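Student: What follows is a predicted structure for the sequence shown.
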Amino acid sequence: MNDMLTPSLLTAFTVGLLSSLHCLSMCGSIMGALSFALPSQTQQRWWYLSAYILIYNIGRIGSYIIIGALLGQVSETLIKQMFLHDGHQLLSVLTIVMMLMIGLYLGGWFSQLVQLEKIGKPIWRYLEPLGRRLMPVDTLPKALAYGTVWGWMPCGIVYTMLLMAVTLGSAIDSALFMLVFGLGTLPTLLASGLFTSRLYHFARNPTIRRWIGSLIVLLALISLFFWFQHSQNQEHATHHHTMHTQE
């Protein structure tokens, strides 16, 4: 298993949990519309409503896993063919840089990240009408199908996380990374279906967004510090081994 995987999974869950307020501000209205479109008897039974919302999100996370696996397979093939020297170090730095970008974006200091959404718009142009045909979502299979379509909606943060997943260089690791990221977003989006209006306004609060962005930036800088320390230790160990061999 990739040496980068364990810390990467922790990063994926943390970013998912913290960035889910951004997801809520972007998609909370969709969750609310889906919830209110359900039959009144479903809305009145919170456990039944929760089942629908959970199934939506299972479909969404399933799409993240599929996309992650596909891109991870491409990455794995390219890395094997290119045999990059010090590729592990380069990919580690790229992961930290992208985490930093997410923090700056959430804090409102780097709006350019939204440009990534243009990548998925051609695909979304074909999938969005399919999602509309599934409305009203009045059965659990429809909820799963709608969630699966929803997972392909263009999103700068999701795309950045996919780029981070690709740096792992493995279809399985990339899919697992996106699964853990999706699980990180789950608590907030589950709650959004039950308490839409309150959470929606909370998520759009600029002060809250700046605090969350600052926290992710701090985590990225801490990761960079530990990466630098690890690199220095490896360089020292390599130098010591070389000197010992020459003796």
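Tutor: In hand now; what should we look at? Numbers count the residues shown, from 1 in each chain.
Student: Is it correct that V180 is in contact with G16?
Tutor: Yes - between V180 and G16 there is a contact at 7.1 Å, judged by C-beta atoms under 8 Å. Just so you know, the C-beta spots here come from the backbone N, C-alpha and C atoms, and that holds for glycine as well.
Student: Looking at these two, which has the bigger crowd around it?
Tutor: Neighbour count, other C-beta atoms under 10 Å: between V180 and G16, G16 has more, with 26 against 23.
Student: hang on, the more buried one packs against L183?
Tutor: Yes - between G16 and L183 there is a contact under C-beta under 8 Å: 6.8 Å.
Student: Pass me the low-pLDDT residue ranges in this structure, would you?
Tutor: 1-6, 23-44, 46, 79-91, 193-204, 230, 233-247 (pLDDT under 70).
Student: Tell me where it has helices.
Tutor: Taking DSSP state H, the helices of the chain run over residues 5-37, 40-44, 46-82, 87-106, 121-133, 140-150, 156-166, 171-194, 196-203, 206-246.
Student: For V114, which of those helices is the nearest?
Tutor: With C-beta to C-beta as the criterion, V114 lies closest to helix 156-166 of those, at 4.8 Å.
Student: what helices or strands is that closest one leaning on?
Tutor: Here helix 156-166 touches helix 5-37, helix 46-82, helix 87-106, helix 171-194, going by 3 or more C-beta pairs under 8 Å, 6 or more residues apart in numbering; DSSP states H and E.
Student: Which secondary structure elements does the last one sit against?
Tutor: The contact analysis (3+ C-beta pairs under 8 Å, 6+ apart) places helix 171-194 against helix 5-37, helix 46-82, helix 156-166, helix 196-203.
Student: mind listing what's buried in it?
Tutor: 171-186, 188-193 (16 or more other C-beta atoms under 10 Å).
Student: now do the longest one
Tutor: Neighbour counts over helix 46-82 (16+ other C-beta under 10 Å) mark 49, 52-65, 67-69, 71-73, 75-76, 79 as buried.
Student: now it, how far from the chain's geometric center?
Tutor: 10 Å (C-alpha atoms, centre = their mean, to the nearest Å).
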